[in-house]
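Trainee: Return atomic coordinates for the entry below.
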Amino acid sequence: MTPAEFAGFLRRELAPTPGRGSATFRLTLACVIATIPILTHHIPHALVVMVVMYLVTQEDTAATLMGSVLGVLGVTLGLSAALLAWMVVLDIAWLRIACFVGFMFAGLWLKRVLVIGALGSALGLPAALVMVLPDVGPLPPESLVEFVLWLWLCVTLGLTVNLGVQLLLAPGDPLTLLQRERDTRLRLVENALRELAGSRDLAPAPPTMSLDAFATAGMSRPLALLKTASLTNARARQRHEALATAITLVDRLVTDARALQLVLSSAPNAVLNESLVRVADACARTRQALAEHESPQTTEAAAPPIPVDLHVATPRPLADMERTLEQLSAVARLAPTTPTAKEAGPRLLLPDATTNPEYVQFAVKGALAALICYVLFIGFDYPGIYTSVITCFVVSLSTIGSSNQKGLLRFGGAAVGGVMGLIALVYVFPNVDGLGGFWLVFATGTAVAAWINFGSPRISYGGYQTGLAFYKATLQNLGPAVSATVVRDRLIGVAFGLIVFGVVEHVLWPVRAADRMHARLADVLRSLAAFARVASRPLDDRRDVDARRQLISQQVTDVQGFIESSKFEPGVEAADAQQVERLTADAQAVFVVLLAIARDAATVTGSPAAVRAATIRVDDDVAVVLEVLADRIGQGGVAAVSEISGALAAFEQSIAAQVDAPGGHVTRAGALELYRELVLAVNRLASSGERSCWTPSETWR
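Mentor: Predicted coordinates for the structure are as follows:
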């Protein structure tokens, strides 16, 4: 990345966005309020009070409340377990080190297998750090216990003050924020198309938002909002698959619209202008349809499909937008407006928590890197770099790309915050007097860190690290600090931890996001194939369908995360990630249709035997298509049209057989409509986002 590109990146990421200013104000206010009891009652470890505020504060109230409650619970359990362990291991060095490794391993494993991974961090990391305390600051046992109790009080104080401010001033629930985010992106796509066509009839959109910024940010923020909404909102859980599919499809529209702006550098001709306007109109109708079908008051049937059938030569991004809008229309039609059954509550563990060996490997790598750092800083008698142990924990993520991203943000944020702290120590504090001057400097530094923290996921962790380094310099005691040693030691510790973990990660079970996104997409297709074989069969135990649904949803979430992480790995082409995103969206569309078929099968009884036989044949044939695609993608490429044409031909014949079955048109009219959608969804998936390889027969028209 050239300096000019880096400057452009920072300009986009630091630009004002809706809600960013108010979120910055809330966090700054909470931090300033927390200094009142700290200075009044001489509470030590003030840094911890500030840190937990950054860790749990989210834009929506639900996520902040849930994070605060779980944070207190996790830290309480973790510190309690560490104190109990101290009763046995405090005077036995090798046993204490073993407990340190055990707590690190448990925390990292829980971080991966728990649906709320942050709870694993709250349990494991504090307990592991307590095992390190006797080596970092040699104190008598009574003072060590007092130290731990002060830590617990600081965590509770920070979470309580922050929660009070957020509940009084924060906006509403994450589902509303997610819908607003999606609506904004669709408006910007529509406006971009109309501007290219020379039209001035633009949809109202936030003036501070840009299509380029959303194309850069990707899907990370909407996926985070969806995760929180699924944990706190029953309606979001019931519509999880449809919402996740819409996130991927809307991100495709944003990417294609941005590419179209680059392709159409000159003024389009009249025919292409008409095409652009028609696609923009379709985008507006899609936005309205999605909004209507997610309104709790809406009880009507699904909206009619949005036709976008252009018969002119169009640029490839515009053609892809046509297909994407068709898929969004299908999602709006198929997604139910009201639950058909009682929705299960949120899960505690991921569906493959006990069967996926990657979770154990992940925990082993992180624990080993932390152990190496622990042994080395003890051996070199340099306890000031204990931050290296924390670094190994926090940058221990599922892939090299995501770890690289977090490592860069951790070091960069520490450097920026350290510079801010040095400026405050050397130039500002010597020239200010009284509590008012301290608050002014403190609030200014907090506002800078909070502004970065509430940016896109590409830089938000850097804001937390900026604040942490700033507080490390300015809150060394109960007031302004006078030494810059802690800033130096923190930077050295962070760098040391990143080096050690990077070596371990590349040597022991290396996992590249670019490789994993292909493999996990193949897993999605195989799971869809298994689901297709049972989707239309009325089952005695519907929990089998629920289990398959949860597994596929988790696999799709993994693919989406790998797509974002791959952007931070060297040598990964953007076109590859975009192709996987297209295939993922197509697979999600198939998933939504299969879920609708499964719901229909659960409510329909008494179908003729010929209809049931034809339906089973269709299910088996679509499963074969998906398995062929999975085999091709699992080998590192996209599916070749020639290899699936035979399976698609058999699929077409079985569809025709179902239509011709006695009683098919009468008893299974609803199911036939769903299978028409399945034909289109499978065809889009098989074409690999490039061209149609099969056209439904006239039997369906």
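Trainee: residues in contact with stretch 126-133?
Mentor: Applying C-beta atoms under 8 Å, 6 or more residues apart in numbering, the contact partners of stretch 126-133 are 75, 78-79, 81-83, 85-86, 89, 96-97, 99-100, 103-104, 107, 139, 144, 147-148, 151, 370, 374, 386, 389-390, 393. C-betas here are computed from N, CA, C, even on glycine.
Trainee: and with 7 Å instead?
Mentor: Outside stretch 126-133, the residues that touch it by C-beta atoms under 7 Å, 6 or more residues apart in numbering are 75, 78-79, 81-82, 96, 99-100, 103-104, 107, 144, 147-148, 374, 386, 389.
Trainee: sec struct for T255, please.
Mentor: helix (DSSP: H, G, I helix; E, B strand; the rest coil).
Trainee: Excluding chain neighbours, give the residue nearest to it in space.
Mentor: Closest residue in space to T255, ignoring its immediate chain neighbours: A215 at 5.7 Å, by C-beta to C-beta, 6 or more residues apart in numbering.
Trainee: pLDDT at the one you found, what is it?
Mentor: Per-residue pLDDT puts A215 at 72.
Trainee: so it sits in a strand?
Mentor: No - A215: not assigned to a strand; according to three-state DSSP it is helix.
Trainee: which ones are touching L226?
Mentor: Counting by C-beta under 7 Å, 6+ apart, L226 has contacts L178, L243, A244, I247.
Trainee: tally of neighbours for the last one?
Mentor: Counted with other C-beta atoms under 10 Å, the burial measure for I247 works out to 23 neighbours.
Trainee: Surely it is in contact with M219?
Mentor: Yes - between I247 and M219 there is a contact under C-beta atoms under 7 Å: 5.7 Å.
Trainee: which element follows the lowest-mean-pLDDT helix or strand in the chain toward the C-terminus?
Mentor: When the helices and strands of the chain are scored by mean pLDDT, DSSP states H and E, helix 664-667 comes last with a mean of 44. For helix 664-667, the following helix or strand on the C-terminal side (DSSP states H and E) is helix 669-686.
Trainee: What average pLDDT does that following helix get?
Mentor: 72.
Trainee: can you start the count at 43 instead of 1 from here on
Mentor: Taking 43 as the first residue, the last one we looked at is helix 711-728.
Trainee: got the CA coordinates for that helix in PDB?
Mentor: Presented in PDB, the C-alpha positions along helix 711-728 are these (Å, rounded to 0.1, in the frame of the first residue of the first chain):
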ATOM      1  CA  ALA A 711     -49.500 -26.300  -5.600                       C
ATOM      2  CA  GLY A 712     -47.500 -24.400  -2.900                       C
ATOM      3  CA  ALA A 713     -44.700 -26.900  -3.000                       C
ATOM      4  CA  LEU A 714     -44.400 -26.600  -6.800                       C
ATOM      5  CA  GLU A 715     -44.000 -22.900  -6.400                       C
ATOM      6  CA  LEU A 716     -41.200 -23.500  -4.000                       C
ATOM      7  CA  TYR A 717     -39.500 -26.000  -6.400                       C
ATOM      8  CA  ARG A 718     -39.700 -23.400  -9.100                       C
ATOM      9  CA  GLU A 719     -37.700 -21.100  -6.800                       C
ATOM     10  CA  LEU A 720     -35.300 -24.000  -6.100                       C
ATOM     11  CA  VAL A 721     -34.800 -24.500  -9.900                       C
ATOM     12  CA  LEU A 722     -33.700 -20.900 -10.200                       C
ATOM     13  CA  ALA A 723     -31.600 -20.900  -7.100                       C
ATOM     14  CA  VAL A 724     -29.700 -24.100  -8.100                       C
ATOM     15  CA  ASN A 725     -29.200 -22.800 -11.600                       C
ATOM     16  CA  ARG A 726     -27.600 -19.600 -10.300                       C
ATOM     17  CA  LEU A 727     -25.300 -21.500  -8.000                       C
ATOM     18  CA  ALA A 728     -24.300 -23.900 -10.800                       C
END
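Trainee: Give the other helices and strands that that helix contacts.
Mentor: Helix 711-728 is packed against helix 358-376, helix 616-645, helix 651-676, helix 683-702, with contacts defined by 3 or more C-beta pairs under 7 Å, 6 or more residues apart in numbering; DSSP states H and E.
Trainee: ok so, going back, go through the contacts of L268 and name the one nearest K407.
Mentor: Using C-beta to C-beta, A286 comes nearest to K407 of the contacts of L268, at 28.8 Å.
Trainee: Can you give me the distance of that closest one to E223?
Mentor: 14 Å (C-beta to C-beta, to the nearest Å).
Trainee: what about these two, which has more around it?
Mentor: A286 (25 against 20).
Trainee: Count the neighbours of the nearest residue to A672 once chain neighbours are set aside for me.
Mentor: Nearest residue to A672 in three dimensions, chain neighbours excluded: L567, at 3.7 Å (C-beta to C-beta, 6+ apart). Per other C-beta under 10 Å, the neighbour tally for L567 reads 27.
Trainee: ditto for P58
Mentor: By other C-beta under 10 Å, 12 other residues sit near P58.
Trainee: measure N315 to D673 for me?
Mentor: Separation of N315 from D673 (C-beta to C-beta) stands at 43 Å.
Trainee: meant to ask about Y416, not that
Mentor: With C-beta to C-beta as the criterion, Y416 and D673 are 45 Å apart.
Trainee: Also L201?
Mentor: From L201 over to D673 (counting by C-beta to C-beta), the distance is 49 Å.
Trainee: just P182 next, same as before
Mentor: Distance of P182 to D673, computed by C-beta to C-beta: 64 Å.
Trainee: Between these two, tell me which one has more neighbours.
Mentor: More crowded of P182 and D673, by other C-beta under 10 Å: D673, with 14 against 8.
Trainee: Grab the nearest non-local neighbour of the more buried one.
Mentor: Per C-beta to C-beta, 6+ apart, closest to D673 is A564, 7.5 Å.
Trainee: which SSE is that neighbour in?
Mentor: Per DSSP H and E: helix 555-576 holds A564.
Trainee: Compute the inter-axis angle for that helix and helix 651-676.
Mentor: 170 degrees (axes from the mean of the first three to the mean of the last three C-alpha atoms, to 10 degrees).
Trainee: how big is the angle separating helix 555-576 from helix 711-728?
Mentor: 150 degrees.
Trainee: tell me the mean pLDDT over helix 555-576?
Mentor: Mean predicted lDDT for helix 555-576 stands at 83.
Trainee: Check stretch 327-339 too.
Mentor: So the average pLDDT for stretch 327-339 ends up being 67.
Trainee: got it, and stretch 62-69?
Mentor: 84.
Trainee: Ok, stretch 116-127 next?
Mentor: On average, stretch 116-127 scores 90.
Trainee: That stretch: which residues count as buried?
Mentor: Within stretch 116-127, the residues that count as buried by 16 or more other C-beta atoms under 10 Å are G116, V117, T118, G120, L121, A123, A124, L125, A127.
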